[in-house]
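Colleague: What shape does this take:
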Amino acid sequence: MRLPSPDERRPLLLALRNLKMAESPHAYVRGNTVQYYDWLHSLRGHALPHGPAVWICGDCHLGNLGPLGHPSGKVKVQIRDLDQTVIGNPAHDLVRLALSLATAARGSRLPGVITAQILEQMIQGYEHAFLSPKRQQQPPEVIDSQIRSSKSRGWKQLARERIDNPKPKIPLGKRFWPLSATEREAMHELFQNGDLHHLVTRLKSRDDDAPVELLDAAYWVKGCSSLGLLRYAVLLGVGDGEERDYCLIDIKEAARAAAPRFAHAKMPRDNARRVLTGAQQLSPALGERMLASRFLDRGVFIRELLPQDLALKIEQLDSEQAMQIARYLAWVVGTAHARQMDETIRKGWLSELKQQRSKTLDAPSWLWKSVVQLVASHEQGYLEHCRKYALSLKKPT
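Modeller: Numbering: from 1, shown residues only. I've put the predicted structure just below:
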């Protein structure tokens, strides 16, 4: 099997993205952040409330939340993808999460009235994070079971899941493509960085002076939003002899965020440092084990993947599960927002959220109207995407 060179990657990645996005309406929503922000830019006046200036996820859908391993050894459900993070309006995260939940509900064939109730539960969970910012919430069983599973995982499970090989080798194939000579040379130079050595040795109580060896590296074929960006998997050996440990490093290029930022907000100009700073504010379990660097003259952020890092697997849901998940995940997002605000700002934002509610729906009217518009536009966009994708697969006669 001939694997693509760096110059041949882009059209193949485009085809893979089209395939993923055609799998379901929910997959289309996950992979099309740009359409969400195109809709957002089309709004006039005060269609959404203007929340306080805090770091937001910027792409707050179900797939970007899940269990994360913390350097302390604990496992916490937090935001796990911060590519789009900016200092912006927290209402944007709420609408994006609501759209994702509503699309998942439709994928589970739940009636529209359940979608309305999901939004009610979501707002209640989000507000609770502001009313009791230090109080932990018990996750629903469908999420708690995944947290318990993540705690019991080790290197072999991570290696089989991520690289299909528990041995210290990255297998080239559909998921991993070979590096160019330039990329390989730059990779070896990157791992001469003392900060990167410290990033690797600080986890799992590794010795600070433990030797770190680059064993293998490959271009990682992963995700829809990273089309055309640099993405690498790097396998390292830490320590010597029987005490040697292995770790898998994820290196990802940081591109300019599509999410709108507040005009006068002070953020790092370098996109990798923007992602790192946002992660430190929103998801300490992730931000405390990340590093911003340069690779081939591009900003990249680097993290060690831990066995406990998992994307939530939420497929077919009944109505009760859907509402419990909505409440809990909104609380997770609310906690990430609330920790950046003092008491006065929290009370002001909470007061704003309690406005614009009708007698028939205990969720702000702006949230309901936004979800209705977005579900309709994404349904249309999904069908058009599938039509174009199907036509692109037809062979000329």
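
Colleague: which residues in the stretch 251-397 of the chain form strands?
Modeller: Under the criterion DSSP state E, counting those that start in this stretch, the stretch 251-397 of the chain contains strands at 290-295, 298-305.

Colleague: okay, the ones you listed in a markdown table with distance to residue 72 next?
Modeller: All C-beta atoms are positioned from the backbone trio N, CA, C, and that covers glycine. Below are the strands of the stretch 251-397 of the chain laid out as a markdown table (distance: least, Cβ to Cβ, whole Å):
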| stretch | distance to residue 72 |
| --- | --- |
| strand 290-295 | 15 |
| strand 298-305 | 15 |
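
Colleague: What ranges does the protein have for its helices?
Modeller: 9-21, 25-31, 33-42, 90-107, 112-131, 141-151, 155-163, 181-190, 194-201, 271-282, 284-287, 319-338, 343-353, 365-393 (DSSP state H).

Colleague: Need the mean per-residue confidence for the first one.
Modeller: Helix 9-21 comes out with an average pLDDT of 85.

Colleague: got the contact list for the residue nearest the centre of the chain?
Modeller: The centre of the chain sits closest to residue 81, judged by Cα atoms, centre = their mean, with a distance of 2.4 Å. By Cβ atoms under 8 Å, 6 or more residues apart in numbering, the residues touching residue 81 are 57, 59, 63, 64.

Colleague: again, but for residue 86
Modeller: 55, 56, 58, 257, 259, 260, 261, 265, 267, 274, 278.

Colleague: what's the spacing between the nearest residue to it once chain neighbours are set aside and residue 18?
Modeller: Setting aside the residues directly before and after it, residue 86 is nearest to residue 261 in space (Cβ to Cβ, 6 or more residues apart in numbering), at 4.0 Å. Residue 261 sits 29 Å away from residue 18, going by Cβ to Cβ, to the nearest Å.

Colleague: Please point out which parts of stretch 167-175 sit buried.
Modeller: 170, 175 (16 or more other Cβ atoms under 10 Å).

Colleague: cool, and stretch 98-112?
Modeller: The neighbour-count check on stretch 98-112 (16+ other Cβ under 10 Å) flags 98, 99, 100, 101, 102, 103, 104, 105, 106, 107, 108, 110 as buried.

Colleague: Residue 48 contacts residue 92, doesn't it?
Modeller: Yes. Residue 48 sits in contact with residue 92 when judged by Cβ atoms under 8 Å, with a separation of 7.5 Å.

Colleague: anything in contact with each of the two?
Modeller: Common contacts of residue 48 and residue 92 (Cβ under 8 Å, 6+ apart): residue 40.

Colleague: Can you tell me how far residue 147 is from residue 321?
Modeller: Applying Cβ to Cβ to residue 147 and residue 321 gives a distance of 15 Å.

Colleague: correction: residue 62
Modeller: 13 Å.

Colleague: Looking at the two, which has the bigger crowd around it?
Modeller: The neighbour comparison of residue 62 against residue 321 (other Cβ atoms under 10 Å) goes to residue 62, with 21 against 17.

Colleague: I'd like to check which residues are in contact with the closest residue to that one other than its chain neighbours.
Modeller: Excluding its sequence neighbours, the residue lying closest to residue 62 (Cβ to Cβ, 6+ apart) is residue 100, at 4.8 Å. Shown in contact with residue 100 (Cβ under 8 Å, 6+ apart): 26, 29, 30, 60, 61, 62, 63.

Colleague: what's the farthest-apart pair in these?
Modeller: Farthest apart among those by Cβ to Cβ are 26 and 60. That separation is 14.4 Å.

Colleague: Who has more neighbours out of these two?
Modeller: residue 60 (29 against 25).

Colleague: Phi and psi next, for the more buried one.
Modeller: Dihedral angles of residue 60 (phi, psi; degrees, to the nearest 10) stand at phi -90, psi 70.

Colleague: Look up how far residue 334 lies from it.
Modeller: For residue 60, the distance to residue 334 equals 11 Å [Cβ to Cβ].
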